[in-house]
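Trainee: got a predicted model here, sequence first, then my questions.
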Amino acid sequence: TTTPALQEEILEFPKVILVDTPDVDNDALTDAEEELFNTDSGTWDTDTDGYYDGQEIVNLYNPIGLAPMSLIDTGLIQEYVNPTWQYRVYYPVAWLMGEVDTMANQVLFSSVSGDFVEIIVFKKDKTVTFEKWFGDEAQGQSFSNLQKFTNRFQESSWKRKDNLVAYFVNNDKVYLLIYNPGSSGFIPYRHVMQMMVQSFRPSKTMIDIPEQDVLPSLLDFTESASTTTSSEDVLEIDNNVTNTEEII
């Protein structure tokens with residue numbers, strides 16, 4: 001089985017400075033993504049569970065039902081398992097999936113707008129570091145524009161700071177995820193790309209996404225705060241609510 005070398009592929013990395021399409025309610029989902037996930041484009045938190053819609057999508061939780069519920073259980077997305085390399089990734093059910101070659105080295109996940117996310121598997125010599133591989137192969141890309149992070153399934157990765165490109169690396173392979181914009185020049189699905197990167201696993205894993213914390217209702221919070229004798233305790237409650245879930 002062979003995998004492509006990067007120079008054998010005609011790759012178009014998205015420009016670093018690209019603007020998202022409108023997000024009327026400022027919930028970190030564009031209006032196009034709101035339609036994709038059945039959320040309310042005029043409401044910051046569709047299910048009123050205390051987490052804003054984009055926060056839930058990127059963290060792989062349900063944006064249209066009260067916690068706890070994982071995004072994969074909503075029917076809004078499905079999991080793709082690559083038949084050759086066995087990597088796994090979530091993608092929207094409304095998008096089309098296509099395996100470009102017979103070995104499924106290159107797979108496209110396409111929206112109706114013409115935007116698509118591309119996943120390509122590349123071979124890498126075990127003795128070559130990712131930094132060296134990147135410098136040799138990712139022409140026109142700057143390593144200083146990458147940051148290392150760990151996704152929701154505890155998979156380490158490098159991603160471009162604008163969240164439009166990500167690299168998952170193991171001993172002898174690099175899995176490259178690229179967002180390809182449509183003809184409009186704007187980005188309607190940046191947060192879908194983040195969701196896909198957060199869900200990517202190079203192989204089957206036993207890691208589960210942490211159960212989403214249930215935030216106190218406004219009534220519960222008011223009652224709790226009214227019986228608190230220390231302002232420090234109230235601040236602790238506020239901090240817990242704020243830090244319970246964070247977009248990575």
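Mentor: Ah, there it is.
Trainee: can you map out the helices along this structure?
Mentor: Ranges of helices in the chain, per DSSP state H, are 31-36, 53-58, 130-137, 190-199, 218-226, 231-243.
Trainee: hey, least reliable of these by pLDDT?
Mentor: Sorting those by mean pLDDT places helix 231-243 lowest, at a mean of 36.
Trainee: any low-confidence regions in this structure?
Mentor: Confidence mapping of the chain against pLDDT under 70 gives the ranges 1-11, 67-68, 217-248.
Trainee: try it again at 50.
Mentor: Applying pLDDT under 50 to the chain flags residues 5-7, 219, 221-222, 224-248.
Trainee: show me the strands in it, by range?
Mentor: 77-81, 88-92, 96-99, 106-110, 116-123, 146-150, 156-160, 165-169, 173-180 (DSSP state E).
Trainee: residues making contact with the third one?
Mentor: With Cβ atoms under 8 Å, 6 or more residues apart in numbering as the contact definition, strand 96-99 has outside contacts at 80, 83, 91, 106-110. Placement of C-beta: from N, CA and C, glycine included.
Trainee: tabulate the residues you listed (JSON lines), appending distance to A28 and neighbour count.
Mentor: Compiled in JSON lines, these are given as follows (distance: Cβ to Cβ, whole Å; neighbours: other Cβ atoms under 10 Å):
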{"residue": "Y80", "distance to A28": "24", "neighbour count": "19"}
{"residue": "P83", "distance to A28": "33", "neighbour count": "11"}
{"residue": "Y91", "distance to A28": "19", "neighbour count": "22"}
{"residue": "Q106", "distance to A28": "29", "neighbour count": "17"}
{"residue": "V107", "distance to A28": "26", "neighbour count": "23"}
{"residue": "L108", "distance to A28": "25", "neighbour count": "16"}
{"residue": "F109", "distance to A28": "20", "neighbour count": "23"}
{"residue": "S110", "distance to A28": "23", "neighbour count": "17"}
